[in-house]
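>>> got a predicted model here, sequence first, then my questions.
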Amino acid sequence: MPTPINCERIAITPDGTTAYLTCVNDSVLVIDTASNTIIATIMLTAGSDPFGIAISPNGSLVYVVNGGAASGVTIIEKASNTMLGTIPLLPGSGSFEIALNPSGTLGYVTNLITQSVTVLNLTTNTIVTEISVAGAAPVDIVVSIDGTRVYVAMNAGQIEVIDATTNTLLIPIALPAGSFPISLAVAPDGHRLFVTTIGVSSLLALNSDTTSLVERILFPGAELTNIAISADASTFIFIDAMNSIVLLYSAANYSLIAKLPVGNQSTDVALTPILLF
């Protein structure tokens, strides 16, 4: 469906009824997924420059990362689609993406400029700590299904691993030469980590228990962006922005299911709990 303004990221509520999109005019669009219509537009503080977005596991709260002058994480109440407040972040840190732990009590925000991850207590809406991942920019972040590990895609070509119980760095995951991670997704079974890479354009499947490479699919002439996995772990989907298509693959045998055309400059993808294809 067309949107009235360019949007960056999308998140869908756990019940699949509502999608939230961060947009370049300091707004968040709210879409009814049954009718594919915009039902609300939430205007953020001027200069917010919203980007990353996440929804609490119970679907009641929406968290929006503001990387602009109004740096922080804005909290939106889903029931009323109104802002409840903002957790301030360090101005000029280049805050980018956000991921929540399975209970929704902790949030993890990547900061491009300061090359760090901010850990948030979402019960008190305060900062717990800053974890330095200096040496590269952290471009994406996901939390393991059990909440004990946080995976950070680094544009230098590796994945940093954070022990969520101590907020310390573990041994990073090395990727094949020339592969720079752009997006991460954890399979619902908790045992696989999917990675899209640029440089060498590829889809990687890693065993998250051993960090070993399970599968590698190369996509010459493509520009892969964000990836998502279905709730039943049967399918994963990702965007080839260069060719304006979405690729659907089987998570069981890594075979292609379908190619679907999308709009130019598409960058993000999300799935409802019930697949319609």
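That came in fine, so what should we check first?
>>> low-confidence ranges in the protein?
Within the chain, the segments meeting pLDDT under 70 span 274-277.
>>> let's go with 90 and repeat that
For the chain, the stretches flagged by pLDDT under 90 are 1-7, 68-71, 91, 134-135, 188-190, 231-233, 262-268, 271-277.
>>> contact partners for the closest residue to residue 155 other than its chain neighbours?
Distance criterion Cβ to Cβ, 6 or more residues apart in numbering; nearest residue to residue 155, sequence neighbours excluded, is residue 137 at 4.8 Å. Every C-beta, even on glycine, is put in place using the N, C-alpha and C of the backbone. Counting by Cβ atoms under 8 Å, 6 or more residues apart in numbering, residue 137 makes contact with 94, 112-113, 115, 154-155.
>>> neighbours around the spatially closest residue to residue 154 that is not a sequence neighbour, how many?
With Cβ to Cβ, 6+ apart as the criterion, residue 154 has its nearest non-adjacent residue at 4.1 Å, and that residue is residue 136. For residue 136, the count of nearby residues is 17 (other Cβ atoms under 10 Å).
>>> any idea whether residue 136 is helix, strand or coil?
Here residue 136 takes the coil state, with states given by DSSP: H, G, I helix; E, B strand; the rest coil.
>>> is it in contact with residue 110, as I believe?
No: here residue 136 does not reach residue 110: they are 11.0 Å apart, not a contact under Cβ atoms under 8 Å.
>>> before we move on, the earlier item: got the contact list for the residue nearest to residue 154?
Residue 136 neighbours (Cβ under 8 Å, 6+ apart): 115, 154-158.
>>> now render the residues you listed as a markdown table, adding neighbour count.
Shown next, in a markdown table, are the contacts of residue 136 (neighbours: other Cβ atoms under 10 Å):
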| residue | neighbour count |
| --- | --- |
| 115 | 17 |
| 154 | 22 |
| 155 | 16 |
| 156 | 14 |
| 157 | 19 |
| 158 | 19 |
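>>> tell me the one of those residues nearest residue 183?
residue 155 (11.7 Å; Cβ to Cβ).
>>> state the distance from residue 213 to residue 173.
Distance, residue 213 to residue 173, by Cβ to Cβ, to the nearest Å: 9 Å.
>>> just to revisit the earlier point, farthest-apart pair in the contacts of residue 136, please.
115 and 157, at 14.6 Å, using Cβ to Cβ across the contacts of residue 136.
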